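Undergrad: sequence and computational prediction follow.
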Amino acid sequence: MHTYINTAFIDTTEIIDIAQAADELGYDGLGIPDHVINLAELDTPYPYTPDGRRRWPAFTDWPDPWVLIGALAQCTTHLRFVTTVYVAPLRDPYNAAKTIGTAAVLSGGRLELGLGVGWCREEFDLMGAPFDKRGKRTEEMIALMRELWSPGWTQFDGEFYHTPKLEMTPTPPPIPILFGGQSDIAYRRAAAHDGWIGDIFTIDQATQIAAKLARIREDMGRSLDGFQFHTALVDAVNPDDMDRTERGGVTAVITQPWMFYHGPDTTLAQKIDGMVRYCKQFDIEVDHAH
């Protein structure tokens, strides 16, 4: 099973050092979240907490994922990058395809595109993006972006996007597409693509979702070969827990290792110390095949 470092809610200026340490220690990747802005007042409840409140305080860092990945790709060698998750329907598909494709080229194909359809109506309103039908629009964006990322000329005529004959260069290497979300339609979207990316779960919850996704894939006539399941876990505290998680169908755990040893308020040195200690506890080591 793979281990990714979660970069959410930490100081942007620390991320390059964390990425370089992760690369040297043998971690597999970095998870990079996305929001454009953080509004002071919201009517839309946050869907991933019991009381609907956001997990982060005001003035938490939300760096642009593609600028960040472009920089991180230049100072790492094998580390992969997954967005957790990129809110695609906030953007137009052409600018999104250009920035994502450029990041994939600069990273030498070390990019995994984690997508979500978004939850915050006020953010959509501010960005001038329609909130309604955002799921269908995202599905069409994927189809269009895959065409834009292919060599040669592209023409596309969909419900939302009408594209005359054009080309977009450079052509990136293949970009796996993972979907977030916890509704039945979100699971079906993920099953139709390359993977699912989760929130924070217990091992039992994660393995139940993995079993559901396996059934959906089977109903679609698709195998689980190469299908990815990334999530954070609250109760994986020893190697036996990780083994049980992997047997249950989870392919990658996204974690902040320093939380195990130093808690949430940490210096950069403590974060890296936590990463080192986590590697020893969970037998993570550099794969010299990279």
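TA: That came through, no problem.
Undergrad: what's around K271, how many residues?
TA: 22 (other CB atoms under 10 Å). For every residue, glycine as well, the C-beta is placed using N, CA and C.
Undergrad: go on, the one 4 residues further on?
TA: As a burial measure, the neighbour count of M275 was computed by other CB under 10 Å and equals 23.
Undergrad: now D23
TA: 20.
Undergrad: tell me the spacing between it and T77.
TA: From D23 across to T77, the span is 6 Å (CB to CB, to the nearest Å).
Undergrad: repeat for L68
TA: From L68 to T77 the distance is 17 Å (CB to CB).
Undergrad: higher neighbour count, the two?
TA: Comparing L68 with T77 by other CB under 10 Å, the one with more neighbours is L68, at 21 against 11.
Undergrad: Three-state assignment for the more buried one, please.
TA: helix (DSSP: H, G, I helix; E, B strand; the rest coil).
Undergrad: would you mind measuring from the closest residue to it other than its chain neighbours to Y86?
TA: Among residues not flanking L68 along the chain, I32 sits closest, at 6.0 Å (CB to CB, 6 or more residues apart in numbering). Distance of I32 to Y86, computed by CB to CB: 9 Å.
Undergrad: and L126, by the same measure?
TA: 17 Å.
Undergrad: more neighbours: these two, which one.
TA: Taking other CB under 10 Å, L126 and Y86 do not tie; Y86 has more neighbours (23 against 13).
Undergrad: got a list of what the nearest residue to the more buried one once chain neighbours are set aside touches?
TA: Once flanking residues are discounted, Y86 sits nearest to D34: 4.7 Å by CB to CB, 6+ apart. Each residue near D34 by CB atoms under 8 Å, 6 or more residues apart in numbering is listed here: W62, P65, T83, T84, V85, Y86, V87.
Undergrad: show me what counts as buried in the top helix by length along the chain.
TA: In the chain, taking DSSP state H as the definition, the longest helix is helix 203-219. Within helix 203-219, the residues that count as buried by 16 or more other CB atoms under 10 Å are I203, Q205, A206, T207, I209, A210, L213, A214, I216, R217.
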